[in-house]
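>>> This is a predicted model, with the sequence first.
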Amino acid sequence: MTSKELRKLQNLFYKSIELLELDIESSLFISRKCLELIIHKFFEMQKLAKKESGDDYPILSKMIRKLILENYLGKNLADDMQYIRKKGNDAVHIADKTAKKQTIKPVNLTIAIGSIQRVGKIITWYLESVNKADNTLFLYAAKIGKLPKRHLKQNERAFELNEAIYDLCSYQIFRNPDAIWDITKGITKSKILDDDIKELIEKTKRLVWKYNKFDDDFVEGDSRFQNFKNYFSNKKSETAASIFKKFYSDQVDEVNRLRKVLKNRYFAN
């Protein structure tokens with residue numbers, strides 16, 4: 001799966017989650033689209049025939065059964081796939097005004113959340129299958145799919161990326177700016193599909209660079225900030241960091257805002 005295809009899958013997954021509170025039927029349908037994309041890409045990777053004899057087009061339920069028969073899937077994962085497929089179908093029929101005479105199973109928020117959670121598990125299975133688990137989509141899907149942390153630890157590269165993002169969102173920037181700088185340098189950009197993380201990396205790097213320069217000038221006393229140093233010289237609570245935060249409060253606030261958003265996205269229960 002190319003980076004473009006990974007982004008398409010990510011966008012579908014995000015959209016399904018965004019629609020939970022607005023349009024349950026659309027959320028369920030898009031979850032089904034995620035499943036459909038994954039299965040088609042998996043069939044292509046394994047060079048499996050998508051259609052059975054007599055079929056005019058690939059039928060998703062038959063493709064899932066084929067993966068079971070050829071031992072690509074265990075029962076639990078197959079059941080998850082069938083759940084997403086069936087609930088997505090129910091959502092389409094509810095939205096279709098021509099389906100009034102059909103017996104339609106109701107859908108609700110709990111069903112939609114359950115479908116999304118299962119999509120998360122299936123995304124992680126697929127990305128591991130194609131050896132592309134060391135990216136932010138895998139980490140987000142693992143969180144939504146409620147995979148235990150021990151599952152992440154089985155994939156060393158994914159776990160390292162997970163820890164780096166956590167540290168980026170958690171370390172106290174002005175207490176140990178060098179450590180933060182090393183984290184921003186160490187995260188491989190090709191693994192970052194989340195644009196918010198890319199933005200956080202760039203804004204954090206700029207903030208740390210500015211702070212290090214400010215701190216050097218502050219200590220040396222030869223800078224436009226010297227007057228502030230003299231003013232606060234008798235106030236022990238005032239440090240280079242506290243004065244820097246006052247000068248660059250908008251930039252500090254923006255970095256902290258992004259850190260909070262991403263910590264909630266990837267690590268909050």
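Arrived safely.

>>> Which parts of the stretch 1-150 of the chain are helices?
Taking DSSP state H, counting those that start in this stretch, the helices of the stretch 1-150 of the chain run over residues 3-18, 24-46, 60-69, 75-95, 109-129, 136-144, 149-153.

>>> what separates Glu254 from Val261, distance-wise?
Using C-beta to C-beta, to the nearest Å, one gets 11 Å for the distance from Glu254 to Val261. Heads up, the C-betas are built off the backbone N, CA and C, glycines and all.

>>> ditto for Phe159
To Val261, Phe159 is 22 Å away according to C-beta to C-beta.

>>> What of Asp23?
23 Å.

>>> circling back to that earlier point, find the one among the helices of the stretch 1-150 of the chain with the highest mean neighbour count.
Mean neighbours per residue, mean count of other C-beta atoms under 10 Å, is largest over these for helix 136-144, with a mean of 24.

>>> Now do that helix against helix 24-46, angle only.
For helix 136-144 against helix 24-46, the angle by axes from the mean of the first three to the mean of the last three C-alpha atoms, to 10 degrees is 130 degrees.

>>> Could I get the CA-only coordinates of helix 136-144 as PDB?
Extracted C-alpha coordinates of helix 136-144, given in PDB (Å, rounded to 0.1, in the frame of the first residue of the first chain):
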ATOM      1  CA  THR A 136       0.800   6.900  12.900                       C
ATOM      2  CA  LEU A 137      -2.300   5.300  11.300                       C
ATOM      3  CA  PHE A 138      -1.300   2.000  12.900                       C
ATOM      4  CA  LEU A 139      -0.900   3.700  16.300                       C
ATOM      5  CA  TYR A 140      -4.300   5.500  16.000                       C
ATOM      6  CA  ALA A 141      -6.100   2.400  14.800                       C
ATOM      7  CA  ALA A 142      -4.600   0.400  17.600                       C
ATOM      8  CA  LYS A 143      -5.900   2.900  20.100                       C
ATOM      9  CA  ILE A 144      -9.400   3.000  18.600                       C
END
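
>>> elements contacting it?
helix 3-18, helix 109-129, helix 149-153, helix 156-170, helix 249-266 (3 or more C-beta pairs under 8 Å, 6 or more residues apart in numbering; DSSP states H and E).

>>> And the residue nearest the centre of the protein?
By C-alpha atoms, centre = their mean, the chain has its centre lying nearest to Tyr140, at 3.3 Å.

>>> Name the nearest residue to that residue, ignoring sequence neighbours.
Spatial nearest neighbour of Tyr140, chain neighbours left out: Tyr266 (6.3 Å); criterion: C-beta to C-beta, 6 or more residues apart in numbering.

>>> Give me the neighbour count for the one you found.
Tyr266 has 19 neighbours, counted by other C-beta atoms under 10 Å.

>>> That one reaches Lys143, doesn't it?
Yes - under the criterion of C-beta atoms under 8 Å, Tyr266 makes contact with Lys143 at 5.8 Å.

>>> next helix or strand past the least confident helix or strand in the chain by mean pLDDT?
Least confident helix or strand, the chain: helix 226-231 with a mean of 56, by mean pLDDT, DSSP states H and E. The element immediately downstream of helix 226-231 (helix or strand, assigned by DSSP states H and E) is helix 240-247.
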